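Student: Next comes the sequence, and after it the predicted model I'd like to discuss.
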Amino acid sequence: MPDHRYAVLWEYAGATTRPAGVVLDRGDHVVVEAPNDMMFPARFDEPFVVGGINSPTPITYRPRDRQYFDQVLIELSRTFAIGERATVSSASEGTLLRLLRDKVWAPLRESHTEHYAVQRARGGCYPVVRRHHDQHYRGAAPQTSGEPAPRATAGENSLIAA
């Protein structure tokens, strides 16, 4: 079973930093789970063509190349600090949710910036959270019988104002 590399993204918040998202290598593409308001692509799957001052020939990195993940991190490092880098055995949606929980939301809560974390998480601005919610919690519209809703009326010894 191949290992999938990941990295934790940290955003600058004044004089400090705080975790903001996760990058996960899925083999044929790289997923970026960061809040939608940061305006980054959620998926990198196009080749990177890299040239240098001392390199006369450009180098092309494709998603299945080992260096491709590093090129995505270089691209993201223009805005984020790159934190922890490690591997996980799975690149599933559940793994993404666990990485967000353990590497982003838990540290935010521990650093007393819970309001920030909860506000973003409730807004569903992490794409994987929105997909999970849609898959598991969005059902069909409630069925109604067509009968009028019961009305409460004021009776004897009632607390309802007439």
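Tutor: Arrived safely.

Student: Contact partners for the residue positioned nearest the centre of the chain?
Tutor: Using Cα atoms, centre = their mean, the residue of the chain that lies closest to the mean C-alpha position is E33, 3.1 Å off. Shown in contact with E33 (Cβ atoms under 8 Å, 6 or more residues apart in numbering): 21-24, 42, 96, 99-100, 126-128. Using the backbone N, CA and C atoms, a C-beta is placed for each residue, glycine as well.

Student: Just the buried ones out of those residues, please.
Tutor: 21-24, 96, 99-100, 126-128 (16 or more other Cβ atoms under 10 Å).

Student: returning to what we had before: quick check: bridge partners of the residue nearest to the centre of the chain?
Tutor: Beta-bridge pairing of E33 under DSSP bridges involves V22.

Student: State the next helix or strand along the chain beyond the helix or strand bottoming out on mean pLDDT in the chain.
Tutor: Ranking every helix and strand in the chain by mean pLDDT, DSSP states H and E puts helix 114-122 at the bottom, with a mean of 48. Sequence order places helix 127-136 as the next helix or strand after helix 114-122, per DSSP states H and E.
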